[in-house]
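Visitor: What follows is a protein structure lacking sequence information:
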DNA sequence: AGCACGCCGACT
DNA sequence: GTCGGCGTGCTC
């Protein structure tokens, strides 16, 4: 036991054995500057080296009965680890059987000395006061629900960029009260769309972009602003859910079913789940905003954890489902477009742009069923053709006649809305081997349909039955509910949680029994090379903490315990709720 | 991880 | 006798 100034430090290490706090003496010279959240360098004797770490708290005495080592160096007096972010990182790591320092790598950008100096010497910007914006298209009680910190699944208004205006209006409710709002978006296109919508109505000094497309300097500057100011709208990609925000009023996730939101970095917690944790810890409002709710969001509604909110204005695209019969017109036949769809598009294109959503970029054309841009161009001989896909990104098209051929997710926004939207390749999309085909298909169709101008026709090609009927009626939450019911019937995510266990068979077996997983819930064991075994286990949500705790104990046992001859790698790896096994290869977006 | 400690087999 | 193999444990 040690009295005096003691710093409790989290080491910056991915080792599970080191994922706890270590106590260090604070040298007299550092006592004034050594506050919670600062970066330090500390000796770790068993490793005979100096490691980086974060001071989590400063206390008067240590419970560790042994001599404490001394803090080696204070890296910077700036407190980069906010207390609420530490709590969130700990919770996120516990839930995903990971390590808090891995979460902190997502949460805290690399230090930039120049930027730090510039931010610290600059004067705090004068905050111009402003009033909350009226929330259009929704029941008036929505504003109060946001301010009260409710959890909501909000259906977006199916008009071009309406979601961005809604997100801005919701954020303004908390900004007006001096609290911060975090908006988490799948990609840079959506980030820029929300930034543009927000910039039009909010004071510019309240808007902060924080995402991975920024240079390290821009990113660190935005991060420090989030740490030092409140009443900001922080707009970013998945790691923005970990942005510092002491006075947090709202976390909003746009289109949480988009695969781009899946976190590839350890411990791989989905930002929607991180947002849920943060909502619980900080009492802010949570909004999952989308045209088509994910089955995950639908589940939260059904268990009563989130409240569903629909627009009060009854707006729905005019959707026409068509079968697979190909039109008689020679030109339509070329592009395998049903005649009704072709006639609608041919007429609409006289007024302005027409959107054609295809499953894949035309160039590859595997199997011959893919409509190429050239085929579509021949079907509309006088039209200007614009191709938008991952290789040729187009963010916006002007309000003029054009045939816009886009892969799912890459659709440009048309300033005045598309005069018609053709959703082709529906049958191809649904033929993929994936647990989430229907959900993904509906989400992609809905997002494209929402780009239509008021009154414009949306043609869904190649899909029939209840799915087509519900989509045409814009019954998207009901579709999600049906999908979720199907997953419940087969006991698959998101009706259950999963853990992917990889390691030596004995270690995997021990983990399965330690976690109390019955045989029926051990699925898809695969033998890998080097005698390793990979197994997925599933379990109910309420068993989550117990399963996570047991798996963490097993990992620690193997990390510290017996290792295979020569091999330094741990003998058991765990990945919680990994979506990859349930999706076809190359299907991750 | 990366290093020290410790307890059995061939050696100057 | 003792040098060093790697199985085991620990890091404030």
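Guide: The structure has been received and is ready for your questions. None of the values given here were measured: they were computed from a predicted structure. Numbering: from 1, shown residues only, chains lettered A, B, ... in the order given.
Visitor: For residue A:258, give me its contacts.
Guide: Contacts were defined as C-beta atoms under 8 Å, 6 or more residues apart in numbering; by that measure residue A:258 touches A:186, A:187, A:409, A:443, A:589. Bear in mind the C-beta positions are built from the backbone N, C-alpha and C, glycine included.
Visitor: Correction: the previous question concerned residue A:353.
Guide: A:386, A:397, A:398, A:399, A:400, A:401, A:402, A:403, A:404, A:414, A:418, A:419.
Visitor: One more: residue A:9?
Guide: Remark: with contacts taken as C-beta under 8 Å, 6+ apart, residue A:9 is in contact with A:21, A:22, A:23, A:24, A:40, A:42, A:53, A:54, A:55, A:56, A:71.
Visitor: Which phi and psi values does the first one adopt?
Guide: Looking back up the chat, that one is residue A:21. When read as degrees, to the nearest 10, the backbone of residue A:21 gives phi -90, psi 140.
Visitor: what helix or strand is the closest residue to it other than its chain neighbours on?
Guide: Nearest residue to residue A:21 in three dimensions, chain neighbours excluded: residue A:8, at 4.3 Å (C-beta to C-beta, 6 or more residues apart in numbering). Of the helices and strands defined by DSSP states H and E, residue A:8 is found in strand A:2-11.
Visitor: Quickly run through the sheet partners of that strand, with directions.
Guide: strand A:21-25 (antiparallel), strand A:49-62 (antiparallel) (DSSP bridges).
Visitor: what's the longest one in contact with?
Guide: Right, the one you point to is strand A:49-62. Applying C-beta under 8 Å, 6+ apart, the external contacts of strand A:49-62 come out as A:1-13, A:21-23, A:26, A:34-44, A:68, A:72-73, A:75, A:80-81, A:86, A:104, A:108.
Visitor: Residue ranges of each domain in chain A, please.
Guide: The domain map for chain A lists A:2-79, A:114-309, A:318-473, A:497-582, with the assignment taken from automatic domain parsing.
Visitor: For the stretch 101-250 of chain A, which residue gets nearest to DNA strand C?
Guide: With C-beta to the nearest atom of the strand, the shortest gap between the stretch 101-250 of chain A and DNA strand C falls at residue A:101, namely 13.9 Å.
Visitor: who's in contact with residue A:110?
Guide: The contact partners of residue A:110, by C-beta under 8 Å, 6+ apart, come to A:216, A:220.
Visitor: Next one: it from residue A:301, what distance?
Guide: Counting by C-beta to C-beta, to the nearest Å, the separation of residue A:110 from residue A:301 is 39 Å.
Visitor: one step back: can I have the buried ones of the contacts of residue A:258 as a PyMOL selection?
Guide: Filtering the contacts of residue A:258 down to the buried ones (16 or more other C-beta atoms under 10 Å) takes a single PyMOL command:
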select buried, chain A and resi 186+187+409+443
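Visitor: quick one: which two of the contacts of residue A:258 are the most distant?
Guide: Of all pairs drawn from the contacts of residue A:258, the one with the longest distance (C-beta to C-beta) is A:187 and A:443, at 14.1 Å.
Visitor: Is it possible to get a markdown table of the domains of chain A that adds mean pLDDT and distance to DNA strand B?
Guide: As requested, the domains of chain A are exported to a markdown table (pLDDT from 0 to 100; distance: least, C-beta to the nearest atom of the strand, whole Å):
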| stretch | mean pLDDT | distance to DNA strand B |
| --- | --- | --- |
| domain A:2-79 | 94 | 4 |
| domain A:114-309 | 97 | 13 |
| domain A:318-473 | 88 | 33 |
| domain A:497-582 | 88 | 4 |
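Visitor: export those to a markdown table and tack on distance to residue A:487?
Guide: Listed next are the domains of chain A as a markdown table, based on distance: least, C-beta to C-beta, whole Å:
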| stretch | distance to residue A:487 |
| --- | --- |
| domain A:2-79 | 31 |
| domain A:114-309 | 6 |
| domain A:318-473 | 7 |
| domain A:497-582 | 10 |
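Visitor: For DNA strand C, what's the nearest residue on the stretch 251-400 of chain A?
Guide: Counting by C-beta to the nearest atom of the strand, the stretch 251-400 of chain A gets nearest DNA strand C through residue A:266, at 18.3 Å.
Visitor: Give me the number of neighbouring residues for that residue.
Guide: Residue A:266 has 18 neighbouring residues, counting by other C-beta atoms under 10 Å.
Visitor: For it, which non-adjacent residue is spatially closest?
Guide: The shortest distance from residue A:266 to any residue other than its chain neighbours is 4.5 Å, reached at residue A:102 (C-beta to C-beta, 6+ apart).
Visitor: outside of whichever strand or helix holds that neighbour, which residues touch it?
Guide: According to DSSP H and E, residue A:102 maps onto helix A:100-107. Contacting residues not belonging to helix A:100-107 are listed as A:10-14, A:19, A:54, A:81, A:85-86, A:88-90, A:92-93, A:239, A:242-244, A:263, A:265-267, A:269 [C-beta under 8 Å, 6+ apart].
Visitor: Okay, angle between that helix and strand A:2-11 too, please.
Guide: Using axes from the mean of the first three to the mean of the last three C-alpha atoms, to 10 degrees, the inter-axis angle of helix A:100-107 relative to strand A:2-11 is 60 degrees.
Visitor: For the stretch 51-200 of chain A, what lies in contact range of DNA strand C?
Guide: For the stretch 51-200 of chain A, the residues in contact with DNA strand C (C-beta under 7 Å from any atom of the strand) are A:62, A:64, A:66, A:67, A:68, A:69.
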